[in-house]
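A.B. asks: sequence and computational prediction follow.
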Amino acid sequence: MIEEVSKLKLRQDLMDQSLKEIRSEIEELKIGIMKMDTKVETAVEVKLLDVVEKKLEHKVESKVDESMDVERRKYNLVVQGRKEDDGKDDE
C-alpha cells in the first residue's frame with residue numbers, strides 16, 4: 001500500500017511539474033501575442049497614415065493643377081461662330 005501511495009505521489013509531482021511548465025509556456029505565449037499585437041497595430045497605423053498622406057497629396061496636386069489651368073485660361077478669348085482649328089491662326 002505504501003508503495004502504491006509513493007507511486008501516486010511521484011505521479012502527482014510529475015503532473016504538478018508538467019502543469020507549471022504548461023502555465024509558464026502559456027504566459028510566454030500571452031507576452032508574445034501582446035508584442036505581436038503591438039507590432040500589428042503599429043504597422044496598420046503606418047499604412048493608414050501612408051494612405052491618408054497619398055490621398056491628401058493627390059488632392060493638393062489636383063487643386064494646384066486646377067488653379068494653374070484656370071490661370072492659364074484666364075486671358076483666353078472665345079469667338080463664337082468660328083470653326084475651331086489647330087491654333088495656327090490664333091495670333
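C.D. replies: It's in. Residues are numbered from 1 along each chain as shown.
A.B. asks: now do the helices in the protein.
C.D. replies: Applying DSSP state H to the chain gives helices spanning 2-72.
A.B. asks: show me where it dips below the pLDDT cut-off.
C.D. replies: 86-91 (pLDDT under 70).
A.B. asks: how about 50 then?
C.D. replies: By pLDDT under 50, the chain has no low-scoring segment.
A.B. asks: from the chain's centre, how far out does stretch 67-83 sit?
C.D. replies: Here stretch 67-83 shows a centroid-to-chain-centroid distance of 44 Å under the convention C-alpha atoms, centre = their mean, to the nearest Å.
A.B. asks: pull up the distance across it, start to finish.
C.D. replies: 28 Å (C-alpha to C-alpha, to the nearest Å).
A.B. asks: please point out which parts of that stretch sit buried.
C.D. replies: Across stretch 67-83, burial judged by 16 or more other C-beta atoms under 10 Å covers no residue at all. The C-beta positions use only the backbone N, C-alpha and C, and glycine is treated the same way.
A.B. asks: next one: stretch 50-64
C.D. replies: Buried, per 16+ other C-beta under 10 Å, within stretch 50-64: nothing.
A.B. asks: neighbours around K47, how many?
C.D. replies: When neighbours are defined as other C-beta atoms under 10 Å, K47 has 10 of them.
A.B. asks: right, I mislabeled it, should have said E4
C.D. replies: 8.
A.B. asks: same check, this time on G32
C.D. replies: Counted with other C-beta under 10 Å, G32 comes out at 10.
A.B. asks: distance of the most far-flung residue of the chain relative to its centre from D50?
C.D. replies: Relative to the mean C-alpha coordinate of the chain, counting by C-alpha atoms, centre = their mean, the farthest residue is M1 (65.2 Å). Shown here: M1 relative to D50, a distance of 73 Å by C-beta to C-beta, to the nearest Å.
A.B. asks: do V5 as well
C.D. replies: 67 Å.
A.B. asks: what's the answer for K63, then?
C.D. replies: 21 Å.
A.B. asks: can you give me phi and psi for Y75?
C.D. replies: phi -100, psi 10 (degrees, to the nearest 10).
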